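*Asks:* model the following, please.
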Amino acid sequence: MNTHTQTTMKQASVGSNHICSHCKRELPVSDFYFNSKKQCYDNYCKECRKLSSRKQRENKLCLPIVNYTCHYPVITRTDDGQLRMLLILQALQKVRESMARKLKKQHEREFKEFE
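*Replies:* Got it, this is the predicted structure:
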């Protein structure tokens, strides 16, 4: 924690209270998390933030698994052996071409430095 953050926290914590947006209670600022990026205290008290975060995590865990369809063929999900081999060879060719382009650029750069 940098000195500016510590100073800001000390200034705000000296005898000041903050109202929680969730439970509407007025609590001392020590019951709120301090956001060092925004340089202010959270709108929810620590207790309400904990409950809110827990609820969000539980909701994410309960999401149904959706069958995601790709717009391009995924090699590992292709059942047809011949098509899978064709896709593998195409991917290998792309990688080789990319490596050749990179090597060519590197040689050109070295040649320019040599001159």
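
*Asks:* what about the top strand by length along the chain, distance to the chain center?
*Replies:* Using DSSP state E to define each element, the chain has its longest strand at strand 40-45. Strand 40-45 sits 22 Å away from the centroid of its parent chain (Cα atoms, centre = their mean, to the nearest Å).

*Asks:* parallel or antiparallel, list what pairs with it.
*Replies:* Note on strand 40-45: by DSSP bridges, its sheet partners are strand 32-35 (antiparallel).

*Asks:* and the partner strand, what's buried?
*Replies:* 32, 34 (16 or more other Cβ atoms under 10 Å). Backbone N, C-alpha and C define where each C-beta goes, glycine included.

*Asks:* show me the contact partners of that strand.
*Replies:* Defining contact as Cβ atoms under 8 Å, 6 or more residues apart in numbering, one finds that strand 32-35 is touched by 5, 9, 18, 20, 40, 41, 42, 44, 45, 46, 49.

*Asks:* mind redoing it with 6 Å?
*Replies:* By Cβ atoms under 6 Å, 6 or more residues apart in numbering, the residues outside strand 32-35 that reach it are 9, 18, 41, 42, 45.

*Asks:* of the residues you listed, which is the nearest to residue 56?
*Replies:* Of all the contacts of strand 32-35, residue 42 has the smallest distance to residue 56: 14.7 Å, by Cβ to Cβ.

*Asks:* just the pLDDT at that closest one, thanks.
*Replies:* pLDDT for residue 42: 92.

*Asks:* same check, this time on the one 4 residues further on
*Replies:* Per-residue confidence for residue 46 comes out at a pLDDT of 95.
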